[in-house]
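S.K.: below: sequence and its predicted model.
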There are 2 protein chains.
Amino acid sequence: MNDSLMTIGQMCESYDVTPRTLRFYESKELIFPIREGQKRLFTKSDRARLKLILQGKRFGFSLEEIRQLLNLYSIGDQQTTQLTQTYELAQERLRDMEEQREELTEAIADLKEQLEWGEAVLAERGVKLAAE
Amino acid sequence: MNDSLMTIGQMCESYDVTPRTLRFYESKELIFPIREGQKRLFTKSDRARLKLILQGKRFGFSLEEIRQLLNLYSIGDQQTTQLTQTYELAQERLRDMEEQREELTEAIADLKEQLEWGEAVLAERGVKLAAE
DNA sequence: GCTGTCGTTGACGTCAACGTAAAGGTGGAA
DNA sequence: TTCCACCTTTACGTTGACGTCAACGACAGC
């Protein structure tokens, strides 16, 4: 149970991903586990990156976008320009997400309306619905 | 310009879809245009169904789910049981959508937090951001 | 020596909802 | 007649994020 070097199995445990996923991320150059013979060993850096990847996915970034962001982080740690770019990309994403949410909100409202209509019809027919 | 029978082109105009989409829906047994020789002619029924399809998509139903719902409508027009089933499926979808919205709301909040952090860092470095 | 567990590498498969390209039919206007 | 718009079919391509499979190596315990 080395703390700074983990096998693929331990990684899967810790982050709830499959081996296939980690190999896939490596093939996409999102993480860079070192090799001991054939085996992959994941470093602290890999874990940090993986965390960011999973976060990024939550935010709806594509893996390609995430790759670019990760590169910006590591390469231009003190490069203000890069951070600014990251910031701007994130802002765009935020706008997308807010837009999505609005659409969803609208759709929810519409669907609720339909449901009320359905309830009315069913009530007319004397159907008792589960009280839920 | 027959009102009750439309060509594929007219349908595309009216509902802002491509011919491919309509043929695809036919192949998936979502609509059943009649044939005049080779050509498809879309009836009032097809248009009603198409409207429901497009609505369903807005609500995030898959085409397969929509197909099932449409079958319920047409088969069991007066069958209360079917309507009840439709109602319940729609309720499930509503729950899904509300869950999605919550996740999205959370993600938005998190991302906003990150953005503020980024702003702070950039401000420290004396970067002026576009006032937006 | 055998079995089991964990790991490896390709390479092809999957899912949804169409897009796109190729190749051709049909009917009307110039 | 020739052209054009509009329609048809079949069939492969796209996108993203992996899943699944085959075939194999390395090592541990019994």
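M.R.: Sure, I can see it.
S.K.: now the residue nearest the centre of chain A. Nearest residue, chain neighbours left out?
M.R.: Nearest to the geometric centre of chain A sits A:Lys57, at 1.6 Å (Cα atoms, centre = their mean). Closest residue to A:Lys57 apart from its sequence neighbours, by Cβ to Cβ, 6 or more residues apart in numbering or on different chains: A:Ile66 at 7.4 Å. Every C-beta, even on glycine, is put in place using the N, C-alpha and C of the backbone.
S.K.: so where do the strands sit in chain A?
M.R.: Assigned by DSSP state E, the strands in chain A fall at A:34-36, A:39-41.
S.K.: tell me the most buried of these?
M.R.: When you average the neighbours per residue for each of the strands of chain A (mean count of other Cβ atoms under 10 Å in any protein chain shown), strand A:39-41 leads with a mean of 15.
S.K.: quick revisit: confidence score at the residue nearest to the centre of chain A?
M.R.: On pLDDT, A:Lys57 comes in at 92.
S.K.: ok, the residue nearest to A:Val121 when sequence neighbours are not counted - contacts?
M.R.: Of all residues not flanking A:Val121 in the chain, B:Leu83 sits nearest, at 6.7 Å (Cβ to Cβ, 6+ apart). Neighbour list for B:Leu83: A:Gly118, A:Val121, A:Leu122, B:Leu72, B:Gly76 [criterion: Cβ atoms under 8 Å, 6 or more residues apart in numbering or on different chains].
S.K.: and what of A:Arg23?
M.R.: Contacts of A:Arg23 (Cβ under 8 Å, 6+ apart): A:Ile8, A:Arg40.
S.K.: now it: how far from B:Ala109?
M.R.: A:Arg23 is 33 Å from B:Ala109, where distance means Cβ to Cβ, to the nearest Å.
S.K.: over to A:Arg47?
M.R.: Taken as Cβ to Cβ, the span from A:Arg47 to B:Ala109 is 25 Å.
S.K.: before we move on, back to that, so which of the strands of chain A is nearest DNA strand C?
M.R.: strand A:39-41 (3.4 Å; Cβ to the nearest atom of the strand).
S.K.: tell me what that closest one is packed against?
M.R.: If you count contacts as 3 or more Cβ pairs under 8 Å, 6 or more residues apart in numbering or on different chains; DSSP states H and E, strand A:39-41 packs onto helix A:19-27, strand A:34-36.
S.K.: show me which positions of the longest one end up buried.
M.R.: Going back to what we said before, that points to helix A:19-27. Buried residues in helix A:19-27, defined by neighbour count with 16 or more other Cβ atoms under 10 Å in any protein chain shown: A:Leu22, A:Tyr25, A:Glu26.
S.K.: so which helix or strand of chain A has the lowest pLDDT on average?
M.R.: One helix or strand of chain A scores below all others by mean pLDDT, DSSP states H and E: helix A:63-75, with a mean of 80.
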